[in-house]
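**Student:** sequence and predicted structure are below.
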Amino acid sequence: MFFSIIIPLYNRPQEVDELLGSLTRQTYAPFEVLVIEDGSTVDARQVVEGYRDRLDVHYYVKPNAGQGFARNFGFERAKGDYFVIFDSDCLIPPDYLTNVAAFLAETPLDAYGGPDAAHESFTAIQKAISYAMTSPFTTGGIRGNRRHIGRFHPRSFNMGVSRTVWERIGGFKLTRLGEDIEYSIRIQASGFRIGLISEAVVFHKRRTDFRQFYKQLHFFGRARINIYKHFPRELKIVHFFPATFVLFLVTLSLLNIWEVLPGLPTERYAGKVAMVGNVLLGSYILLLFGHALIKTKHLQVALLGVLASFIQLCAYGLGFMQDVLKRLVLARG
């Protein structure tokens, strides 16, 4: 099986350098790499050229149109039997393609996704963000824990599709705001078989600071409503959890303030409700911290993991509520 690895790129030469470096160590040889420079102002041409003696690598430049359409640009030029999509901020273990090829030989899939993890070289903040995005106690823990055939939706940081899928239904119809979920749903609706390959792990750097992480997760929350606009049945109760969490925090804060204001007729009742809420919140924080400490075995990362989890839930919830109001209630956009 011949793989075409497709990497959309926008102003990240250092990231793609590290990614290409990890691909030179693959134990499976039959693959090519297509780097699609999507209108960058800081390009990676020299970086990519430096790998031509070690990789079958091809570099393309196109006007900026977003990552979804950049991947389509790569699909059109790929030679492989299978197209593998990576984000530029990933590092790929040496046995990645070997594991994928072995799995597909035994269990044929038309499309697959794989889990992500934190590399030992990541900073404490990157490891904390990785924890938040994979923890079973946030919204991130539904991927990557076991083989799953059915309603699993591969994500584009680590995703593969067969040439047959591309030839029959095309590529991405959206360029951002949940484009990978929309594509996964459409692949599945067309009768193709999708699954999780647990051994197809990548090390995903995601964001390097909490400000960038907040912006990314706020975008993800908005993307869920974009998916709903195309596939209403794909909006599940679990997708409301971050927004509910935000409302809980706001309500609890108001109750705590209400409790300390003197002379209010409902002061005692508010205090009792606030006490219950504070116990629940404290228990959740302890749960996150204990689990993060067990998973990461690092005190600083565990503490930052709690903060990252709160940022994840609040940013996603606020983005979700923003587009519920804007696109569903006010019908704008």
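**Tutor:** Yes, it's here. Treat the numbers as computed from the prediction; the structure is a model and nothing was measured.
**Student:** ranges for the helices of the protein?
**Tutor:** Taking DSSP state H to define them, one finds helices in the chain at 13-23, 45-49, 67-77, 96-106, 124-134, 163-169, 179-189, 210-230, 241-260, 267-296, 299-323.
**Student:** and the pLDDT at residue 227?
**Tutor:** pLDDT, residue 227: 86.
**Student:** also residue 142?
**Tutor:** 47.
**Student:** same question, the one 4 residues further on
**Tutor:** pLDDT recorded at residue 146 is 48.
**Student:** residue 92 and residue 32, how far apart?
**Tutor:** Distance of residue 92 to residue 32, computed by C-beta to C-beta, to the nearest Å: 14 Å. C-betas here are computed from N, CA, C, even on glycine.
**Student:** repeat that for residue 75.
**Tutor:** On the measure of C-beta to C-beta, residue 75 and residue 32 end up 13 Å apart.
**Student:** which of these two has more residues huddled nearby?
**Tutor:** residue 75 (23 against 17; other C-beta atoms under 10 Å).
**Student:** tell me which residues touch that one, please.
**Tutor:** By C-beta atoms under 8 Å, 6 or more residues apart in numbering, the residues touching residue 75 are 6, 83, 166, 171.
**Student:** the second one contacts residue 156, correct?
**Tutor:** No: in this structure residue 83 lies outside contact range of residue 156 using C-beta atoms under 8 Å: 11.3 Å.
**Student:** those two: which has the busier surroundings?
**Tutor:** residue 83 (24 against 20).
**Student:** what about residue 61, how many residues nearby?
**Tutor:** Residue neighbour count, defined by other C-beta under 10 Å, stands at 14 for residue 61.
**Student:** what's the neighbour count on residue 239?
**Tutor:** If we define neighbours as other C-beta under 10 Å, then residue 239 has 18 of them.
**Student:** tell me how far residue 273 lies from residue 256.
**Tutor:** Noted for residue 273: a distance of 10 Å to residue 256, by C-beta to C-beta.
**Student:** meant to ask about residue 289
**Tutor:** Separation of residue 289 from residue 256 (C-beta to C-beta) stands at 21 Å.
**Student:** quickly list what residue 59 is bridged to.
**Tutor:** residue 35 (DSSP bridges).
**Student:** next one: residue 91
**Tutor:** Bridge pairing for residue 91 - DSSP bridges - gives residue 203.
**Student:** for it, give me its contacts.
**Tutor:** Listed by C-beta under 8 Å, 6+ apart, the contact set of residue 91 reads 18-19, 22, 119, 202-203, 205.
**Student:** for these, point out the one with the lowest pLDDT.
**Tutor:** residue 205 (84).
**Student:** that one contacts residue 123, doesn't it?
**Tutor:** No: using C-beta under 8 Å, residue 205 is not in contact with residue 123; the gap is 9.0 Å.
**Student:** pick out whichever of those two has more residues nearby.
**Tutor:** Using other C-beta under 10 Å, the more surrounded residue of residue 205 and residue 123 is residue 205, with 24 against 14.
**Student:** quick one: pLDDT of the spatially closest residue to that one that is not a sequence neighbour?
**Tutor:** Of all residues not flanking residue 205 in the chain, residue 89 sits nearest, at 4.3 Å (C-beta to C-beta, 6 or more residues apart in numbering). Looking at residue 89, its pLDDT is 92.
**Student:** distance of residue 89 relative to residue 33?
**Tutor:** Look at residue 89 and residue 33: by C-beta to C-beta, they are 16 Å apart.
**Student:** so for these two, which sits in the more crowded spot?
**Tutor:** Taking other C-beta under 10 Å, residue 89 and residue 33 do not tie; residue 33 has more neighbours (24 against 20).
**Student:** my read is that that one contacts residue 9, right?
**Tutor:** No: look at residue 33 against residue 9 with C-beta under 8 Å: they stay out of range, at 11.4 Å.
**Student:** how many other residues sit next to residue 103?
**Tutor:** 20.
**Student:** check residue 24 too.
**Tutor:** 14.
**Student:** from what I see, it and residue 56 are in contact.
**Tutor:** No: between residue 24 and residue 56 there is no contact under C-beta under 8 Å: 11.0 Å.
**Student:** in a markdown table, list the contacts of residue 91 along with distance to residue 176.
**Tutor:** Shown next, in a markdown table, are these (distance: C-beta to C-beta, whole Å):
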| residue | distance to residue 176 |
| --- | --- |
| 18 | 23 |
| 19 | 20 |
| 22 | 25 |
| 119 | 26 |
| 202 | 20 |
| 203 | 23 |
| 205 | 19 |
